[in-house]
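Trainee: got a predicted structure here, sequence first:
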Amino acid sequence: MEILLAIVVISAVIFFGALISLGNERQRRAIDHLHEQITLWAMRDLMIKREELARNVKVDSPLGWLNKVASQASGEELGLQVVEVTCEPTILVCHSQSKNHTVYFCTSSPADIRKASRFKHNRLTLQDKRSLLFWNADHGAAYELSILNAGILFDVELPLAWYSLTGIKAESLERLWMYVVG
């Protein structure tokens, strides 16, 4: 009789443990589904807000906008002044008043610059020491500016500011690289 009672108790404990485990799994799936729905809602809400903001985007002060996004990316106030614009590749050369650095803005990534610097150049390019082709990671820092670190409307504002500062239209700019040398 005691053995029968022990078997019934053990069976009941195993049965209730299985029921609790199934209930926990069902609850976990419901929470995961809820998390997925909240994430989708937040993304759609952000997209709606972004679309509303993107319709009215204008960059009144391109240099002020560039200072703001460059400061956000680098973590320090740069106080930029435009020095010159070079072509092929398009490079916006600025001088930082507060840090006494030269800051290059370019649509080419550091990997592209390294590839370009490996090719032979003519004497004019070699004499131009301001060329970004001479940028080296040992002598400066590179920052990628994008929606992630420069604001939710960065990819909408960038073509407007880039055209105002360089005179070159660029419709599909989503990233800009900032090279700080000095």
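Mentor: Done, it's in.

Trainee: give me the phi and psi for residue 91.
Mentor: Main-chain dihedrals, residue 91, degrees, to the nearest 10: phi -130, psi 130.

Trainee: isn't residue 152 right up against residue 52?
Mentor: No: assessed by Cβ atoms under 8 Å, residue 152 is found out of contact with residue 52, at 11.5 Å. The C-beta positions use only the backbone N, C-alpha and C, and glycine is treated the same way.

Trainee: which pLDDT does the model give residue 160?
Mentor: Note on residue 160: pLDDT of 85.

Trainee: just checking, it is part of a helix?
Mentor: Yes: counting by DSSP: H, G, I helix; E, B strand; the rest coil, residue 160 is found in a helix.

Trainee: next up, the contacts around residue 15.
Mentor: If a contact means Cβ atoms under 8 Å, 6 or more residues apart in numbering, then residue 15 has no contacts.

Trainee: follow-up on the earlier one: between residue 152 and residue 52, who's got more neighbours?
Mentor: Legend: neighbour count by other Cβ atoms under 10 Å for residue 152 and residue 52, higher for residue 152 (14 against 9).

Trainee: helix, strand or coil for the more buried one?
Mentor: At residue 152 the chain is in coil, as set by three-state DSSP.

Trainee: chain neighbours aside, what residue packs nearest to it?
Mentor: Distances taken as Cβ to Cβ, 6 or more residues apart in numbering place residue 50 nearest to residue 152, at 5.9 Å, with adjacent residues excluded.

Trainee: does the one you found sit in a helix or strand, and which one?
Mentor: Element membership for residue 50 (DSSP states H and E) is helix 2-55.

Trainee: that helix: what's the following helix or strand?
Mentor: helix 62-74.

Trainee: from the middle of its chain, how far away would that following helix be?
Mentor: 14 Å (Cα atoms, centre = their mean, to the nearest Å).

Trainee: buried residues, the next helix or strand after that helix. List them.
Mentor: Of the helices and strands lying after helix 62-74 in sequence (DSSP H and E), the nearest is strand 80-86. Across strand 80-86, burial judged by 16 or more other Cβ atoms under 10 Å covers 80, 86.
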